[in-house]
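1. whatever this is, show me its structure:
(3 chains)
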Amino acid sequence: MMKFLDLTDLADDRLERVLELAKELEQAPLREALRGKTVGLIFMNPSLRTLASMQAGVAQLGGHSFLIQPGAGSWKLETRDGVVMDGDAVEHVREAIPVLASYADLLGVRCFAEQKSLADDLADRTIQAMAALCPKPFVNLESAVSHPCQALADWKTLEDLEVPRRGGKFVLSWAYHPKALPYAVPASALHTAARRGMDVAILRPEGYGLPREVMAKAEALAKSSGGRIRETSDRREAMDGAHVLYAKSWGAPQCYGRPAEEAPLRAPLKDWCVAESWFESAAPGAKFMHCLPVRRNVKVADEVLDGPRSVVIRQATNRLHAQKALLMEMLS
Amino acid sequence: MMKFLDLTDLADDRLERVLELAKELEQAPLREALRGKTVGLIFMNPSLRTLASMQAGVAQLGGHSFLIQPGAGSWKLETRDGVVMDGDAVEHVREAIPVLASYADLLGVRCFAEQKSLADDLADRTIQAMAALCPKPFVNLESAVSHPCQALADWKTLEDLEVPRRGGKFVLSWAYHPKALPYAVPASALHTAARRGMDVAILRPEGYGLPREVMAKAEALAKSSGGRIRETSDRREAMDGAHVLYAKSWGAPQCYGRPAEEAPLRAPLKDWCVAESWFESAAPGAKFMHCLPVRRNVKVADEVLDGPRSVVIRQATNRLHAQKALLMEMLS
Amino acid sequence: MMKFLDLTDLADDRLERVLELAKELEQAPLREALRGKTVGLIFMNPSLRTLASMQAGVAQLGGHSFLIQPGAGSWKLETRDGVVMDGDAVEHVREAIPVLASYADLLGVRCFAEQKSLADDLADRTIQAMAALCPKPFVNLESAVSHPCQALADWKTLEDLEVPRRGGKFVLSWAYHPKALPYAVPASALHTAARRGMDVAILRPEGYGLPREVMAKAEALAKSSGGRIRETSDRREAMDGAHVLYAKSWGAPQCYGRPAEEAPLRAPLKDWCVAESWFESAAPGAKFMHCLPVRRNVKVADEVLDGPRSVVIRQATNRLHAQKALLMEMLS
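-> Next comes the predicted model:
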């Protein structure tokens, strides 16, 4: 009985098998693998792709899903242990998770970073606690620091596009956003590229280096895959020969959980809106990736999103195929 | 691959076929026509009948649906092109629609009038844009100016009741409501009656004539069907010999998008609450129609809704049968 | 065509049959009994267990469900008759219930106490009105004064644990909660124990006796089953030899609907938080029951919920089995 909390929960052979199956499902989407199975979906945060693709995917495999949205139609959940519950939350995950697990064959949970304590969020404390309470297979549908279903879809997208593993040049670029966003997607994208053995440049303004723990994991993955990680704030240098620019915004770690303090650091960075000009030194046909949703003309210009190098729809479509393959792997 | 944005998207022969099939489905509701099919439902606005009947209908045809509610459990969507997305909306329909379409075999979208620009709403700019972005069959589940699933159900209801096409007397009456409502339902009801070749009276207070564009389309439909359209504020005259009174409230076009300006015009019209006395000069057994939801004793008196001439439940029930027939027509 | 508004709607033989079937479904959860059936779920209030277990249960029996949440994605519903609907509610249950029933083979409705009029709530006015409007089988998913699906699951739980019917000692204990809660769960638990012929003690602080009507029904049930009901505020005496402590909070009837007036009565009762020490005089292996959700360390201490006597997860799990059995009984 497997927990899928991070892409590293799939060892290399299983990862390749899931990717292969995802490709098959793209061609032949209907299966009976989940006939009679119930998937419980618990969304503590908004969703479009994850919610729709999980529901569609389960149905296309012959199964059924139910949806619980704590705080919107369901009780607000407490996640901390030992607390006196005299506040907003009327139910504890210590009850909610085992109960919902008893109705289902697998639980999928979305639970974003609280953005209070950097250490807690980097340890993915909340989703780890929920997974530990769940006696059934459990899928992370985006947590404080990991979005492994996105990572799986992104890996498939890179394969679809025949971007080389070793020697492929992958730029993870910070982009402007009005708010300090968490690290789940940039960490997952970075770790995906590192594990593929790619030559990774993290392009970000001064002060926006990713947290040490995220970097250390990337270094370890790169080391065993033969990849390479570097950081720079020089756009032209980073993009030189790049096959892929993956854009994402995130908060400055030194101001984590204190957005007012970070605001003056962020304010002058509005020119970090990805434009065609960023690709001048890139490899011919270099691709633009983003996990979506994206604020147009804030993080990325229309000309990029509507142009031929954008593969954001393909990434999102691959969510369906990748997650269906994952569910089949986990429930078979 | 068909788009169903307005009842006029069904040519006469297809319309008759869908109505025939709807009648068959009323008798034998279970089919396998959507086996393995996924229907994506995107509701930007509240719903009871449309939401329930689409979910029930898809299931009764052997398919599955998923539901995305932008702004409630999903990201708020931007619909305007070229905009700098630095406000509330975090995702653009240019991404959302193709992505959701990639998970589904058909999309249904509900998107009410913004009630800012009359020209934009009359052009049904938003739903047209979304339909254009969708590479799959697409159903309008009520837009700024059209509610074609309601129109289809209303047409079936008129057939069920054996209200004559040519020569049938149809009164579309304005009714009081505390707010200025959009034109989707009155336009669809008017165009339905006009296309059936009926003798249509639009009964409304001074200042509440429907927009010129809505009227022009009705005139054109009446012309080719042999029907007739007239407007009056004389209740008795309008109802003389009427087979059907269809009640609906709508805003005054000259104040569109400026409710404060319209309020004094509307305030003295509270007696436009349909009562039994309205039917004195009507044909024997004249029917009362309304699309629901309806504010009881504001738009219509209890005595009408609870009496034998009300067919509002039948109209709503026909939503199920009509939409199932439409889905079969579109996906077969 | 059956209405399940209260556990008393199941006569003894049907109750035993449903409990037997629930046990079978626990072992073999998948059936085809609801193939082609549609269950409409109408939730006017938040839910976790009921919502998830109904959706999962219907699917595991081969059927489909749809969900309508008035006030959140659907129109706010009016339930009073004869009212002029010029307020928040835009649709009346007189339309909503027949319409939704026409799309489904069974409706399930959750509608909590309004907590305005004690007499109205004790008469379960709202759910009774909705059930009367529904021409299809109808299930109460928690109303003002009854939670019969919980009662059914609790009954099964007591059987699972081999708690004796006659002679079994059942303590229904008031517990502290920051708000005055309605009587649906305590009434259902009390009536369940009384109908099982148990020796029931209601343990509550002065001023928190259950309403006379709730007590009278319990007395009548106890009389015909050979059970016994008493009330006390002496914790040790109540718990003497107890097999089960069932904890729940509720409001003081004499302040019903006036929470500000009740607050000073409630404030000094924070030590009514169930702890291990409460079980000193209980039978060996005495169990702790609660319907969930529960505020930890407010109503019950962690030591009880996380210890071996807690059967709250089993109770919640039994919701699934019991409701599936009920649906099969009602729809077969």
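
2. can you list the residues of the stretch 101-250 of chain A near chain C?
-> A:102, A:103, A:104 (Cβ under 8 Å from any Cβ of the partner chain). Backbone N, C-alpha and C define where each C-beta goes, glycine included.

3. also within reach of chain B: list those from those.
-> Of these, not one also sits near chain B (Cβ under 8 Å from any Cβ).

4. dump those into TSV; add neighbour count as well.
-> Output for those, formatted as TSV (neighbours: other Cβ atoms under 10 Å in any protein chain shown):
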residue	neighbour count
A:102	22
A:103	26
A:104	24
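
5. hmm, the longest helix anywhere in chain A touching chain B?
-> Counting by DSSP state H, the longest helix found in chain A is helix A:312-331. Yes - Helix A:312-331 reaches chain B (Cβ under 8 Å from any Cβ) through A:312, A:313, A:316, A:317, A:320.

6. mind listing what's buried in that helix?
-> Buried residues in helix A:312-331, counted by 16 or more other Cβ atoms under 10 Å in any protein chain shown: A:312-331.

7. contacts only, for the residue positioned nearest the centre of chain A.
-> The structure's chain A has its C-alpha centroid closest to residue A:147; by Cα atoms, centre = their mean the separation is 2.7 Å. Shown in contact with residue A:147 (Cβ atoms under 8 Å, 6 or more residues apart in numbering or on different chains): A:140, A:184, A:185, A:188, A:291.

8. make it 6 Å
-> Applying Cβ atoms under 6 Å, 6 or more residues apart in numbering or on different chains to residue A:147 gives the contacts A:184, A:185, A:188.

9. and what of residue A:282?
-> A:239, A:242 are the contacts of residue A:282 under Cβ under 6 Å, 6+ apart.

10. spell out which parts of the stretch 1-150 of chain A neighbour chain B.
-> A:30, A:46, A:48, A:52, A:53, A:55, A:56, A:59, A:69, A:72 (Cβ under 6 Å from any Cβ of the partner chain).

11. ok, for the last one, nearest residue in space, not its chain neighbours?
-> In other words, residue A:72. residue B:73 (6.0 Å; Cβ to Cβ, 6 or more residues apart in numbering or on different chains).

12. ok, so what distance separates that neighbour from residue B:66?
-> 12 Å (Cβ to Cβ, to the nearest Å).

13. also residue A:194?
-> Taking Cβ to Cβ, one finds residue A:194 at 34 Å from residue B:66.

14. domain assignment for chain A?
-> Domain assignment for chain A by automatic domain parsing gives A:3-147+A:318-331, A:162-310.

15. winner for burial among those?
-> The highest average neighbour count among the domains of chain A, using mean count of other Cβ atoms under 10 Å in any protein chain shown, belongs to domain A:3-147+A:318-331 at a mean of 21.

16. can you tell me the helix or strand for the most far-flung residue of chain A relative to its centre?
-> What lies farthest from the middle of chain A is residue A:86; by Cα atoms, centre = their mean that is 33.4 Å. Under DSSP states H and E, no helix or strand contains residue A:86.

17. same question, residue A:50
-> helix A:49-60.

18. then residue A:257?
-> Using DSSP H and E, no helix or strand contains residue A:257.

19. helix or strand with the lowest mean pLDDT in chain A?
-> Least confident helix or strand, chain A: strand A:77-78 with a mean of 94, by mean pLDDT, DSSP states H and E.

20. can that one be found next to chain C?
-> No - Strand A:77-78 stays clear of chain C (Cβ under 6 Å from any Cβ), getting no nearer than 7.4 Å.

21. which residues touch the following helix or strand past that strand?
-> Downstream of strand A:77-78, the first helix or strand assigned by DSSP H and E is strand A:91-92. Strand A:91-92 has contacts (Cβ under 6 Å, 6+ apart) with A:75, A:77, A:78, C:293, C:296.

22. in the stretch 101-250 of chain A, which residue sits closest to chain B?
-> residue A:178 (6.1 Å; Cβ to the nearest Cβ).

23. which residues touch that residue?
-> Residue A:178 touches nothing, counting by Cβ under 6 Å, 6+ apart.

24. repeat for the one 10 residues further on
-> The contact partners of residue A:188, taken as Cβ under 6 Å, 6+ apart, are A:146, A:147, A:150, A:151.

25. farthest-apart pair in those residues, please.
-> The span of the contacts of residue A:188, defined through Cβ to Cβ, is set by A:146 and A:150 at 9.1 Å.

26. contact partners for the nearest residue to residue A:95 once chain neighbours are set aside?
-> Spatially, and ignoring its direct neighbours in sequence, residue A:95 is nearest to residue C:292 (5.5 Å; Cβ to Cβ, 6+ apart). Neighbouring residues of residue C:292 by Cβ under 6 Å, 6+ apart: A:95, C:312, C:316.

27. any weak-confidence spans in chain A?
-> Scanning chain A for pLDDT under 70 picks out A:1.

28. just the strands in the stretch 1-150 of chain A please.
-> Per DSSP state E, counting those that start in this stretch, the stretch 1-150 of chain A carries strands over the ranges A:3-4, A:38-43, A:64-68, A:77-78, A:91-92, A:106-110, A:138-140.

29. tell me the residues of the stretch 151-300 of chain A that contact chain B?
-> Near chain B, when you scan the stretch 151-300 of chain A using Cβ under 6 Å from any Cβ, you find A:292, A:293, A:295, A:296, A:297, A:298.

30. looking at those, which are in strands?
-> Among these, no residue falls in strands (DSSP state E).

31. what two of those are the furthest from one another?
-> A:292 and A:297 (15.0 Å).
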